[in-house]
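1. got a predicted structure here, sequence first:
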Amino acid sequence: MPIQRLDRHQARQMPWKNGGGITCELAICPAGASLEDFAWRISCAQVASGGPFSRFAGVDRSLAVLAGAGLQLCLDGWPRQLRPADPPLAFAGEDRVSAELLAGPVADFNLMTRRSLWRHQLQQLRLDGAQTLNHAADILLLYCQTGPVTVQLSGAAAHGLDEGQGLLLEGEHTELKLSGAAGALLYIGHLYRQP
């Protein structure tokens, strides 16, 4: 998987058991893994109602709100709001988490890694022109929330990303140039194999 394109509009959609939303699975490792045995998983969801989060023992999670007013979270008894302008929230899959909608449905973005195999960081990057990104991740995730964005890989072709599209880059692409109009917004995930 040197370069893999992601597209929310072509992703596998899975309704939640409780009927409170729909998840689009953008990528999972290994391919075909289940929610019980994945090494890492990237998804976005349309959340139509509040309720408790599923628990994932041994998994670290990052959550970002992409659209809508936001979520009122209760994280192990502590209140916390998460809105589209906020940086992603990192928490353990074992944590007791529930959410209520602040004002209507929201869209969110999730990155999960199995702690014994991988670790990750997820950040929000607002572009205004061109920017160079250097990284040392084993896998780099780029997900376009607001575009268009152009990703120029060192020694390779440029890739255009529109809203809901992304790239997974493995290994050799340690420097890339990102460009987008004012207001372009990316989520960048750094995934590292555990030693």
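-> Nice, I can see it.
2. domains in this protein, by residue range?
-> Under the assignment automatic domain parsing, the domains of the chain span 8-116, 119-193.
3. can I get those domains in JSON lines including distance to residue 2 and mean neighbour count?
-> Using the backbone N, CA and C atoms, a C-beta is placed for each residue, glycine as well. What follows is the domains of the chain, written out as JSON lines (distance: least, CB to CB, whole Å; neighbours: other CB atoms under 10 Å):
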{"stretch": "domain 8-116", "distance to residue 2": "14", "mean neighbour count": "16"}
{"stretch": "domain 119-193", "distance to residue 2": "6", "mean neighbour count": "17"}
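4. pipe these into TSV and attach mean pLDDT per row.
-> Shown next, in TSV, are the domains of the chain (pLDDT from 0 to 100):
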stretch	mean pLDDT
domain 8-116	93
domain 119-193	92
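5. which strands and helices lie in contact with the strand or helix carrying residue 112?
-> Element membership of residue 112 [criterion: DSSP states H and E] is strand 106-114. With contacts taken as 3 or more CB pairs under 8 Å, 6 or more residues apart in numbering; DSSP states H and E, strand 106-114 sits against strand 40-47, strand 59-67, strand 118-134, strand 139-146, strand 175-193.
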